[in-house]
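S.K.: I would like to see how this sequence folds:
(one chain, ligands or ions: 2)
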Amino acid sequence: MDIKSIKGVGEKTLKYLNSLGIYTVKDAILYFPRSYEDRRNIKPINELKDGDIASIIADVSLIYANRRASTGKTISRVVFKNQTGFIVGVWFNQPYIKNTFKIGQRVFLYGKISKKMGEVQIIEPQYEKDIEDIKFGINPIYPSNKHLSQKVLRKIIDECLKYIDSEINEILPDDIRKQKEIYDIKKAILNIHHPNDYAALDKSIERIKFEELLILQLGLFAAKKRFEKLENAYPIPVCSEMKEFKESLPFELTNAQSKTIREILIDMKKSKPMNRLVQGDVGSGKTIVAIIALFNCAMNKYQGALMAPTEILAQQHFLSLKSLLKNYSINIALLIGSTPKKQKVEIIEKIKKGEIDIVVGTHALIQENVEFKNLALVITDEQHRFGVRQRGELINKGHNPHVLVMTATPIPRTLALFVYGDMDISIINEMPSGRQKIDTYFVRPSMRDRVYDFVKKEIKNGRQAYIVCPLVEESEKLEAESAVETYEKLKEVYFKKFNVGLIHGKMNSIEKDLVMNDFKNKEIDILVSTTVIEVGINVPNATIIVIENADRFGLAQLHQLRGRVGRGSYKSYCILISEAKTDEARKRLKIMTQNSDGFIIAEKDMELRGTGEFFGTKQHGPLELKLADPFKDIDILKQTRDLAREMLEKNMLYKKEYFNLIKEIENKFNAKIDQTTFN
Ligand code: ADP
Ligand code: MG
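M.R.: Ligands and ions are numbered 1, 2, ... in the order given. Modelled structure (predicted):
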């Protein structure tokens with residue numbers, strides 16, 4: 001059911017809901033709170049302490065005229081009273097507040113208590129005037145943005161929850177639920193939104209985690225089995241030009257690259273499809289590995305596809321392929337969202353006829369109605385940006401194609417089994433020779449001028465620089481605006497005598513292209529950018545990256561961004577500018593200055609924050625888990641693994657009570673599971 005059909009969802013609200021990833025009623029039902037506020041304890045006013053978070057019911061007794069403080073803020077004050085005392089509600093810069101209350105009205109207040117000169121205040125409390133409607137329980141606080149208030153979001157989600165019976169199916173059979181003593185799905189979901197008490201909340205969360213991890217394990221198991229059984233891939237022998245091609249490369253391959261390439265070429269020869277993950281830190285040289293595989297595929301007259309997570313990266317791969325393969329008659333095409341319509345139609349036609357040998361693209365590759373003649377090799381770069389499902393979609397375009405995925409995300413062995421349980425793994429654990437350590441510094445904004453002087457010095461030596469603007473969560477538009485602002489300032493003030501360029505996510509691909517090309521050709525000295533350059537971009541002459549408000553980025557992101565420099569033989573620098581007001585922020589930035597190995601940074605990230613974002617186990621990560629965390633939920637993990645094994649050994653999945661579960665696995669993994677899958 002479309003969320004549009006819910007009452008109270010107009011065009012604007014719809015847009016904001018969409019930006020939270022809510023499109024359907026089911027999405028809303030499964031949109032879980034990030035925390036809760038406990039409104040169960042209604043406290044007497046005379047027992048409140050400074051700093052308490054309290055719920056109060058009282059009557060409006062006095063409304064003051066708005067006042068202007070010396071700071072320029074408007075202050076609105078409303079006095080509430082009940083049998084236990086008086087309390088003053090205080091609001092800043094919300095002058096309309098005074099008109100929202102009426103003397104004598106009974107209201108519910110929830111907020112933080114402050115005691116000032118004998119006066120009990122409640123600061124900018126949430127309030128509800130319709131006492132009948134008040135929810136006194138443990139109330140949800142949803143992840144939201146400034147456009148959607150908690151009140152509105154709650155109302156919409158509550159409305160959606162009325163449809164839970166038709167929208168949500170139980171996928172775990174009764175006997176399993178009984179045996180494991182877990183809640184049924186509807187009870188769990190309702191309690192996650194509006195817990196009866198904390199025990200019920202715990203049980204509900206456990207239920208969702210159980211389901212997520214069980215599906216993951218069964219799905220991976222199925223995928224693995226499926227791959228083991230597949231025959232009929234196109235066997236691709238090593239082409240006779242391979243040796244000559246490798247020798248023509250502008251550099252010598254590292255041992256780790258050679259080993260990985262050998263493993264890939266052996267896989268490709270087989271009629272069982274390759275299913276391999278290449279893991280190598282930023283800058284370790286994964287691209288050439290992909291290019292060699294694609295080259296071998298094309299020389300054998302089969303089609304290959306390379307999918308990258310951003311347009312700029314796809315563009316870059318396209319150009320590298322064109323330049324390295326220029327002496328061979330191999331047709332290469334680029335297909336991205338912003339490829340002009342007419343050209344797109346042409347390319348798609350040629351792919352279908354087999355006139356294109358290698359196609360590089362973004363997920364436009366899977367979205368458009370692209371059909372291949374004989375797709376035999378599918379490569380996804382920066383796999384951590386794609387979910388399990390997207391990987392599946394591209395694979396489905398071929399007839400059991402060989403599959404190679406590349407990632408810079410360091411995956412501990414234990415987790416690799418869960419994320420890539422179905423894959424063989426090659427590791428590039430060696431950097432190309434001649435690389436120097438990137439020096440990383442963490443400085444305060446007051447040092448900015450000195451940082452810029454240093455940037456100038458590097459440029460005068462013939463190098464180039466990136467300046468990364470503050471991250472604006474939630475809005476690519478705001479982020480772009482902030483980048484434009486920074487750009488203007490840098491161009492007019494600090495770097496007047498230099499060529500400054502700008503790149504951000506709101507530019508179209510032709511604009512982005514022009515800028516990237518200018519940067520590559522050294523026509524731009526300093527590239528001001530948003531995180532669009534985060535993955536994959538390769539300009540070895542760039543030796544310095546300055547990251548503004550560095551504490552807003554996660555460690556994985558910082559490590560990726562830093563990886564934009566140090567890609568050649570020049571000494572490179574990464575400068576993190578930040579106020580770093582909290583302890584945690586300082587710790588994180590220090591980890592960056594002290595470590596250069598992605599693996600170690602990931603580990604420290606985990607120590608600091610539990611899972612950390614390196615493994616992207618949250619909603620949009622490759623695992624697409626909402627609540628479960630394979631690191632923390634070891635117990636549930638073990639339980640579900642044993643159960644999954646038992647289900648398979650006892651051939652339980654073919655019973656009709658398991659029908660919904662199988663369907664869910666198919667959905668998640670985008671794969672048809674049939675009778676033979678698990679045998
Ligand atoms: P990543 O693993 O981050 O994708 P790339 O494949 O983009 O790294 O390689 C980073 C840079 O290193 C590129 O400029 C590439 O040409 C260069 N490179 C790759 N392999 C080698 C090598 N064996 N020797 C020297 N330079 C290399
Ligand atoms: Mg790369």
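S.K.: pLDDT below threshold where in this protein?
M.R.: 132-135, 226-232, 368, 383-392, 395, 411-422, 472-475, 609-624, 670-679 (pLDDT under 70).
S.K.: Report all helices and strands that the longest helix along it contacts.
M.R.: Taking DSSP state H as the assignment, the helix of the chain that covers the most residues is helix 198-229. Using 3 or more C-beta pairs under 8 Å, 6 or more residues apart in numbering; DSSP states H and E as the contact test, the elements touching helix 198-229 are helix 185-193, helix 413-419, helix 634-649, helix 659-669. Every C-beta, even on glycine, is put in place using the N, C-alpha and C of the backbone.
S.K.: Quick one: residues contacting the nearest residue to Gly85 once chain neighbours are set aside.
M.R.: When the adjacent residues along the chain are set aside, Gly85 lies closest to Ile45, with 3.6 Å between them (C-beta to C-beta, 6 or more residues apart in numbering). Going by C-beta atoms under 8 Å, 6 or more residues apart in numbering, Ile45 touches Ile56, Ala58, Asn82, Thr84, Gly85, Phe86, Ile87, Val120.
S.K.: what helix or strand does the first one sit in?
M.R.: What that stands for is Ile56. Taking DSSP states H and E as the definition, Ile56 sits inside strand 53-63.
S.K.: Now that strand: buried residues?
M.R.: Burial within strand 53-63, assessed by neighbour count using 16 or more other C-beta atoms under 10 Å, is assigned to Ala54, Ser55, Ile56, Ile57, Ala58, Val60, Ile63.
S.K.: if we can go back for a sec, just name the most buried of the helices and strands packed on helix 198-229.
M.R.: Comparing the helices and strands packed on helix 198-229 on average neighbours per residue, with mean count of other C-beta atoms under 10 Å, the densest one is helix 185-193 at a mean of 20.
S.K.: Now do that one and helix 659-669, the angle between them.
M.R.: 50 degrees (axes from the mean of the first three to the mean of the last three C-alpha atoms, to 10 degrees).
S.K.: who touches helix 185-193?
M.R.: Helix 185-193 has contacts (C-beta under 8 Å, 6+ apart) with 29-30, 32-33, 140, 157-158, 161, 164-165, 168-172, 182-183, 200-201, 203-205, 207-208, 211.
S.K.: and the stretch 451-600 of the chain, which of its residues are near ligand 1?
M.R.: For the stretch 451-600 of the chain, the residues in contact with ligand 1 (C-beta under 6 Å from any ligand atom) are Gly536, Asn538, Pro540, Arg567.
S.K.: Give the helix, strand or coil label for His559.
M.R.: Local secondary structure at His559 is given as helix here, using DSSP: H, G, I helix; E, B strand; the rest coil.
S.K.: Counting neighbours, what do you get for it?
M.R.: When neighbours are counted by other C-beta atoms under 10 Å, His559 registers 26.
S.K.: residues in contact with it?
M.R.: Shown in contact with His559 (C-beta under 8 Å, 6+ apart): Val282, Met592, Gly598, Ile601.
S.K.: I'd assumed the second one was in a strand, is it?
M.R.: No. The assignment for Met592 (three-state DSSP) gives helix, which keeps it out of a strand.
S.K.: May I ask you to confirm that it is in contact with Leu558?
M.R.: Yes. In terms of C-beta atoms under 8 Å, Met592 counts as a neighbour of Leu558; the distance is 5.5 Å.
S.K.: Selection in PyMOL covering whichever of the residues of the stretch 451-600 of the chain next to ligand 1 are buried, please.
M.R.: A single PyMOL command suffices to select whichever of those are buried according to 16+ other C-beta under 10 Å:
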select buried, resi 536+538+567
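S.K.: Report the two of the residues of the stretch 451-600 of the chain next to ligand 1 separated the most.
M.R.: Taking C-beta to C-beta, the two most distant members of these are Gly536 and Pro540; they sit 13.3 Å apart.
S.K.: quick one: is the next helix or strand after the longest helix of the chain near ligand 1?
M.R.: For helix 198-229, the following helix or strand on the C-terminal side (DSSP H and E) is helix 242-248. No. Looking at helix 242-248 against ligand 1 by C-beta under 6 Å from any ligand atom, there are no contacts, and the closest approach is 10.7 Å.
S.K.: Could you give me the buried positions within helix 242-248?
M.R.: Taking 16+ other C-beta under 10 Å as the basis for neighbour counts, the residues of helix 242-248 that come out buried are Met242, Phe245.
S.K.: Flag every buried residue along the next helix or strand after it.
M.R.: Using DSSP H and E, the helix or strand that follows helix 242-248 towards the C-terminus is helix 255-269. Taking 16+ other C-beta under 10 Å as the basis for neighbour counts, the residues of helix 255-269 that come out buried are Ala256, Gln257, Lys259, Thr260, Ile261, Glu263, Ile264, Leu265, Asp267, Met268.
S.K.: Do I have it right that Asp52 meets Lys112?
M.R.: Yes. With contacts counted by C-beta under 8 Å, Asp52 reaches Lys112, the gap being 7.4 Å.
S.K.: Check the gap between the residue located most distally from the centre of the chain and ligand 1 for me.
M.R.: In the chain, the greatest distance from the average C-alpha position (C-alpha atoms, centre = their mean) is reached by Gln83, at 51.0 Å. Noted for Gln83: a distance of 68 Å to ligand 1, by C-beta to the nearest ligand atom, to the nearest Å.
S.K.: Tell me who's in contact with that residue.
M.R.: With C-beta under 8 Å, 6+ apart as the criterion, no residue contacts Gln83.
S.K.: Over to Val528?
M.R.: Applying C-beta under 8 Å, 6+ apart, the residues near Val528 are Ile467, Cys469, Ala483, Thr486, Tyr487, Leu490, Val500, Gly501, Leu502, Ile503.
S.K.: what's the closest of the residues of the stretch 451-600 of the chain next to ligand 1 to Asp130?
M.R.: Gly536 (53.4 Å).
S.K.: contacting residues for that closest one?
M.R.: Contacts for Gly536 were tallied using C-beta under 8 Å, 6+ apart; they are Ala308, Pro309, Thr310, Ile312, Leu313, Gln316, His317, Asp381, Glu382.
S.K.: hmm, try it at 6 Å
M.R.: Contacts were defined as C-beta atoms under 6 Å, 6 or more residues apart in numbering; by that measure Gly536 touches Leu313.
S.K.: what helix or strand does it sit in?
M.R.: In this structure, Gly536 is located outside every helix and strand according to DSSP H and E.
S.K.: Same check on Gly111?
M.R.: Assigning secondary structure by DSSP H and E places Gly111 in strand 106-116.
S.K.: Spell out the secondary structure type for the residue lying closest to Tyr570 once chain neighbours are set aside.
M.R.: Nearest in space to Tyr570, with sequence neighbours left out and distances taken as C-beta to C-beta, 6+ apart, is Thr543 at 4.8 Å. For Thr543, the secondary structure call by three-state DSSP comes out as strand.
S.K.: ditto for the one 3 residues further on
M.R.: Taking three-state DSSP as the rule, one finds Val546 in the strand state.
S.K.: Distance-wise, check it relative to Glu485.
M.R.: Counting by C-beta to C-beta, to the nearest Å, the separation of Val546 from Glu485 is 16 Å.
S.K.: quick one, what contacts Lys37?
M.R.: Just to correct that, residue 37 is Glu rather than Lys. For Glu37, the contacting residues are Asn139, by C-beta under 6 Å, 6+ apart.
S.K.: Let's see that with 7 Å instead.
M.R.: With contacts taken as C-beta atoms under 7 Å, 6 or more residues apart in numbering, Glu37 has the following neighbours: Tyr110, Asn139, Ile141.
S.K.: repeat for Lys43
M.R.: When the contact criterion is C-beta under 7 Å, 6+ apart, the partners of Lys43 are Ala54, Ser55, Ile56.
S.K.: The last one and Arg106 touch, don't they?
M.R.: No. Using C-beta atoms under 7 Å, Ile56 is not in contact with Arg106, being 11.1 Å away.
S.K.: Next one: Gln315 from ligand 1, what distance?
M.R.: Spatial separation of Gln315 from ligand 1 under the definition C-beta to the nearest ligand atom is 13 Å.
S.K.: Tell me how many other residues crowd that residue.
M.R.: Neighbour count for Gln315, taken as other C-beta under 10 Å: 22.
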